[in-house]
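Enquirer: The following block contains a protein sequence and its predicted model.
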Amino acid sequence: MAKVAREMVERAGVNVDQLLELLIKNAAAELTTYYYYTILRANLIGLQGESLKEIAEVARIEDRNHFEALVPRIYELGGKLPDDMVEFHNISACPPARLPEDPNDVMAILKVLVEAERCAVRGYTQICNMTAGKDHRTYDLALAILNEEIEHESWFSEFLGEGPSGHFMRRGETSPFVSKFLK
């Protein structure tokens with residue numbers, strides 16, 4: 001644990017235990033979403049599903065990257081991940097992004113995907129609000145993840161016909177905002 005890092009965050013007025021709880025719950029959401037997106041992506045078949053498969057794959061890989069980027073900060077602040085995977089799954093900040101009842105309903109899958117991203121946007125906005133001007137490292141990390149989650153939401157919401165977002169699918173690059181935390 002980086003004792004001075006935790007001390008500085010506490011001195012800045014952040015409740016580190018509350019922050020750790022949010023970071024751990026969001027890390028759980030990222031890892032479980034990675035798992036569930038694997039299943040969702042596998043079921044995106046047919047003409048309509050194939051058009052979404054690449055976008056779902058980018059979001060899936062980036063969610064795994066978000067998990068990997070969060071873990072060091074959790075431990076730096078004196079936290080730790082649960083020893084039990086079922087417990088970790090069950091404390092997720094977001095509900096499971098499970099395959100809908102009809103696995104052939106691409107629109108239902110799309111709604112699962114967009115709701116998972118919206119939950120993530122809410123979670124990282126909360127962390128940014130808590131750490132802004134107080135915990136620069138956690139804020140920078142949460143803001144990087146938030147930027148990617150907003151892009152994911154916009155991609156999926158456009159497929160739902162909710163209007164243009166101005167965001168474009170990235171080519172050849174994953175986690176452009178978070179990659180600096182993965183080195």
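Expert: That came through fine.
Enquirer: Only C-alpha atoms from now on, for both contacts and neighbour counts.
Expert: Will do.
Enquirer: And the longest helix along the chain, what does it pack against?
Expert: In the chain, taking DSSP state H as the definition, the longest helix is helix 46-76. Here helix 46-76 touches helix 3-11, helix 16-42, helix 106-131, helix 136-159, going by 3 or more C-alpha pairs under 8 Å, 6 or more residues apart in numbering; DSSP states H and E.
Enquirer: of those helices, which approaches residue 168 most closely?
Expert: Among those, the nearest to residue 168 by C-alpha to C-alpha is helix 136-159 (7.5 Å).
Enquirer: Quick one: residues in contact with the closest one.
Expert: With contact meaning C-alpha atoms under 8 Å, 6 or more residues apart in numbering, helix 136-159 is reached by 55, 59, 62, 66, 69-70, 73, 110, 113-114, 117-118, 120-121, 124-125, 127-128, 131-132, 163-165, 167-169, 175-178, 181.
Enquirer: Now with 6 Å, please.
Expert: 114, 117, 121, 124, 128, 131-132, 164-165, 177-178 (C-alpha atoms under 6 Å, 6 or more residues apart in numbering).
Enquirer: returning to what we had before: can I get the helices and strands packed on helix 46-76 in CSV with mean neighbour count, distance to residue 51 and mean pLDDT?
Expert: CSV is the format used below for the helices and strands packed on helix 46-76 (neighbours: other C-alpha atoms under 10 Å; distance: least, C-alpha to C-alpha, whole Å; pLDDT from 0 to 100):
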stretch, mean neighbour count, distance to residue 51, mean pLDDT
helix 3-11, 14, 44, 94
helix 16-42, 21, 11, 98
helix 106-131, 20, 10, 98
helix 136-159, 20, 10, 96
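Enquirer: Redo those as TSV? Include distance to residue 84.
Expert: As requested, the helices and strands packed on helix 46-76 are exported to TSV (distance: least, C-alpha to C-alpha, whole Å):
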stretch	distance to residue 84
helix 3-11	25
helix 16-42	12
helix 106-131	23
helix 136-159	25
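Enquirer: Which among the ones you listed is found nearest to residue 85?
Expert: Among the helices and strands packed on helix 46-76, helix 16-42 comes nearest to residue 85, with 9.3 Å by C-alpha to C-alpha.
Enquirer: Which among the helices and strands packed on helix 46-76 is found nearest to residue 96?
Expert: Smallest distance to residue 96 across these (C-alpha to C-alpha): 6.9 Å, for helix 16-42.
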